[in-house]
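A.B. asks: Structure of the sequence below:
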Amino acid sequence: MLLVRVEGTFPEGKVNFGFYDVPMKITGLQKVVQTFLKVLLSTKGSDPFYPERGTFFPSITVNANQLMDDNALMSDISSAIRDAEIQVRNMLNVNTVDLSSTLESIQILGLDRVSEGVVIYLKATTLAGEFAAVSLPFPEFGLDA
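C.D. replies: Numbering: from 1, shown residues only. Purely as a prediction, here's the structure:
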């Protein structure tokens, strides 16, 4: 997974992950992107407190190495992304004045089917206008069913 911001023609790291001795509050674009990825990559029904959260994206990735029509695969991936986008908007865009921690949109920039898997290019934008590009490669190696 690669999270970058492109200003001009050169990409720069935008979203940082780390382990710190002092607890930190995640806000802004990082909160939006982390929440989106958590919802997208969680299996629907796996959270006992919020069983409606999550998508079927994990099961799509497990079966990606099987013979599947490219159009059907891309349609299923697009549906999972849209499902996660709606859920994140419902989670973050309520009772807040911090527009930088709310989701405006997730734009699918590209879905590339390659011999080793699928690469997904997304753009996450907050209501404050901040954005980051997100690349999700998911390889097919070792996923024989």
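A.B. asks: elements contacting the helix ranked longest in the chain?
C.D. replies: If you go by DSSP state H, the chain has its longest helix at helix 70-92. Counting contacts by 3 or more CB pairs under 8 Å, 6 or more residues apart in numbering; DSSP states H and E, helix 70-92 packs against helix 28-41, helix 57-62, strand 103-114, strand 117-126. Every residue, glycine included, has its C-beta placed from N, CA and C.
A.B. asks: Give me the distance from the first one to the chain's centre.
C.D. replies: Taking CA atoms, centre = their mean, to the nearest Å, the mean C-alpha location of helix 28-41 is offset from the chain mean by 6 Å.
A.B. asks: tell me the mean pLDDT over that helix?
C.D. replies: Taken as a whole, helix 28-41 has an average pLDDT of 92.
A.B. asks: And the shortest one, by the same measure?
C.D. replies: When pLDDT is averaged over helix 57-62, the result is 80.
A.B. asks: Could you list every helix and strand in contact with it?
C.D. replies: When contacts are defined as 3+ CB pairs under 8 Å, 6+ apart, helix 57-62 sits against helix 28-41, helix 70-92.
A.B. asks: List the buried residues for the first one?
C.D. replies: Yep, that's helix 28-41 we're talking about. For helix 28-41, burial by neighbour count (16 or more other CB atoms under 10 Å) applies to Gly28, Leu29, Gln30, Lys31, Val32, Val33, Thr35, Phe36, Leu37, Val39, Leu40, Leu41.
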